[in-house]
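>>> Pasted the sequence and its predicted model underneath.
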Amino acid sequence: MAASWRFQRMPSASPANALAARLSAIVLALLIAGAVLAFTGANPIALALEVIQSSFGSSFGLQDLGVLLIPLILTGLSVAVGQQIGVWNIGAEGQFYAGAFAAATIGLFVPGPPVVILPLMFFAGLIGGAIWILIPTLARAYANVSELITTLLLNFVAVLLVFYVSTGAWRDRMANSATRRLSAEIPELWGSVHWGFAIAILAALIVAAVLAFSRWGYEVRLVGSNPSAAHYAGMPARRHLITVMLLSGAIAGLAGMLEIAGTVHRLQGGISNNYGYLGIMVAVLARNSAIGVIFSAALMAFILNSGIILQTQGLTTSAVLAITGLILFLTAIGDELAHYRIARDKA
């Protein structure tokens, strides 16, 4: 009897296979996009060279990547933290706005020197994000209400709240659709990249270390992967669920604080640029690894920056979104295929 072959899914992909699959997926996506662009009369090679030159060939391009990287790391980390215990935080967008709103309240109405105001804004951002996820947290912990619905719906409330105050009671007459400039700003680290970049990297490293080396992190991961075993061992599953969800919201709120205090400097509608929703993709591509979030956020920042550059070269927004979606779609498929191997069944 002849031996048969089959695909076997492994519990985890080796780093080499995961990297090879991701690179292959990106290359394939770029080849498909290039072929479509060439068919429409564009020059894909010239566009690719322009993207690379604009992104990496100057300090301005690198600074643009750095500015995009800060909120993407933190929103991705927010979603990844929730996934450690099996929670889908779809509300990072709303928590981002809530953190920005809370930080702006301090920056606009509390007098004092920047050395005092900035730490207050920092903690206000954390608390704002945590408060915004509090109701979904309690609903999930005590009534088992799906956090997918509650966190998602609160996104719209936060966005509309910020739009309402920035164009209404807090509106600066000179800016029309935004508040006046905040009294305190995060110092620049390099060009337009502020110290929030270091804070975002440090946050990812701290979360990774806590999850990997602390008892709390071990229990959280066990509750998320095997609730029955955690219950049998007497672990406080509900308490861990509450702390993890509040931490997830606080991290997204911190992203909003850093964006408003380091980049935008005013509270206004549209400050997020969908960073909260993109954080979901960042976490998925990182497979919910706190360290992996840094690298998947870098990929996402490059894709977003490339889209901006392509639009300046005459491509429509729809074409840019299609290319971006294709890259992310094939990358997600590549990540999944990296878990499979061809196994041979003995005759």
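Looks like it arrived, so ask away. Numbers count the residues shown, from 1 in each chain.
>>> drop to CA atoms for contacts and neighbour counts, all remaining ones
OK.
>>> In terms of pLDDT, where does the closest residue to Leu189 other than its chain neighbours sit?
For Leu189, ignoring the flanking residues on the chain, the nearest one in space by Cα to Cα, 6 or more residues apart in numbering is Trp195 at 5.2 Å. pLDDT, the model's per-residue confidence, is 96 for Trp195.
>>> repeat for Ala290
95.
>>> Can you give me every residue that contacts it?
Counting by Cα atoms under 8 Å, 6 or more residues apart in numbering, Ala290 touches 77, 80-81, 204-205, 207-208.
>>> Now the buried members of the residues you listed.
Judged by neighbour count, with 16 or more other Cα atoms under 10 Å as the criterion, the buried members of the contacts of Ala290 are 77, 80-81, 204, 207-208.
>>> Average pLDDT for the helix or strand hosting Ser248, rounded please.
Assigned by DSSP states H and E, Ser248 belongs to helix 237-259. On average, the pLDDT along helix 237-259 is 97.
>>> Could I have the CA atoms of the helix or strand following that helix written out in PDB?
Helices and strands here follow DSSP H and E; after helix 237-259, the next one along the chain is helix 275-285. As requested, the backbone C-alpha atoms of helix 275-285 are provided in PDB (Å, rounded to 0.1, in the frame of the first residue of the first chain):
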ATOM      1  CA  TYR A 275      -5.600  53.700  14.700                       C
ATOM      2  CA  GLY A 276      -8.000  51.800  17.000                       C
ATOM      3  CA  TYR A 277      -9.300  49.600  14.200                       C
ATOM      4  CA  LEU A 278      -5.900  49.200  12.600                       C
ATOM      5  CA  GLY A 279      -4.700  48.000  16.000                       C
ATOM      6  CA  ILE A 280      -6.800  44.900  15.600                       C
ATOM      7  CA  MET A 281      -4.900  44.000  12.400                       C
ATOM      8  CA  VAL A 282      -1.600  44.800  14.100                       C
ATOM      9  CA  ALA A 283      -2.400  42.400  17.000                       C
ATOM     10  CA  VAL A 284      -3.600  39.700  14.600                       C
ATOM     11  CA  LEU A 285      -0.500  40.000  12.500                       C
END
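>>> List the contacts of helix 275-285.
The contact list for helix 275-285 (Cα under 8 Å, 6+ apart) reads 71-80, 90-94, 96, 252, 289, 293, 296-297, 300, 331-332, 335.
>>> How about stretch 321-338?
Residues lying outside stretch 321-338 but in contact with it, judged by Cα under 8 Å, 6+ apart, are 13-14, 17-18, 21-22, 24-26, 28-30, 33, 284-285, 303-304, 307.
>>> Now do the contacts for Trp216.
Val210.
>>> Now with 10 Å, please.
Under the criterion of Cα atoms under 10 Å, 6 or more residues apart in numbering, the neighbours of Trp216 are 210, 222, 235, 240.
>>> Next, the angle helix 237-259 makes with the helix or strand harbouring it.
Using DSSP H and E, Trp216 falls within helix 215-225. Put simply, helix 215-225 runs at 110 degrees to helix 237-259, going by axes from the mean of the first three to the mean of the last three Cα atoms, to 10 degrees.
>>> quick check: mean pLDDT across the helix or strand just after helix 215-225?
Toward the C-terminus, helix 215-225 is succeeded by helix 227-232 as the next helix or strand (DSSP H and E). Regarding helix 227-232, the rounded mean pLDDT is 86.
>>> list the helices and strands helix 227-232 packs on?
Using 3 or more Cα pairs under 10 Å, 6 or more residues apart in numbering; DSSP states H and E as the contact test, the elements touching helix 227-232 are helix 215-225, helix 237-259.
>>> so of the ones you listed, which one's packed in deepest?
A comparison of the helices and strands packed on helix 227-232 by mean neighbour count, using mean count of other Cα atoms under 10 Å, puts helix 237-259 on top with a mean of 27.
>>> Between helix 275-285 and it, find me the angle.
Here helix 237-259 runs at 120 degrees with respect to helix 275-285, directions being taken by the same axes, to 10 degrees.
>>> mind saving the C-alpha coords of helix 237-259 as PDB?
C-alpha atoms of helix 237-259 as PDB (Å, rounded to 0.1, in the frame of the first residue of the first chain):
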ATOM      1  CA  ALA A 237     -10.700  34.300  36.600                       C
ATOM      2  CA  ARG A 238     -13.200  37.100  37.000                       C
ATOM      3  CA  ARG A 239     -10.700  39.400  38.700                       C
ATOM      4  CA  HIS A 240      -8.100  38.700  36.000                       C
ATOM      5  CA  LEU A 241     -10.700  39.400  33.300                       C
ATOM      6  CA  ILE A 242     -11.400  42.800  34.900                       C
ATOM      7  CA  THR A 243      -7.800  43.800  35.300                       C
ATOM      8  CA  VAL A 244      -6.900  42.700  31.800                       C
ATOM      9  CA  MET A 245      -9.700  44.600  30.100                       C
ATOM     10  CA  LEU A 246      -9.100  47.700  32.100                       C
ATOM     11  CA  LEU A 247      -5.400  47.500  31.200                       C
ATOM     12  CA  SER A 248      -6.300  47.100  27.600                       C
ATOM     13  CA  GLY A 249      -8.500  50.200  27.700                       C
ATOM     14  CA  ALA A 250      -5.800  52.200  29.500                       C
ATOM     15  CA  ILE A 251      -3.200  51.400  26.900                       C
ATOM     16  CA  ALA A 252      -5.500  52.600  24.100                       C
ATOM     17  CA  GLY A 253      -6.200  55.700  26.100                       C
ATOM     18  CA  LEU A 254      -2.500  56.300  26.500                       C
ATOM     19  CA  ALA A 255      -2.200  56.200  22.700                       C
ATOM     20  CA  GLY A 256      -4.800  59.000  22.500                       C
ATOM     21  CA  MET A 257      -2.900  61.000  25.100                       C
ATOM     22  CA  LEU A 258       0.400  60.700  23.200                       C
ATOM     23  CA  GLU A 259      -1.200  61.600  19.900                       C
END
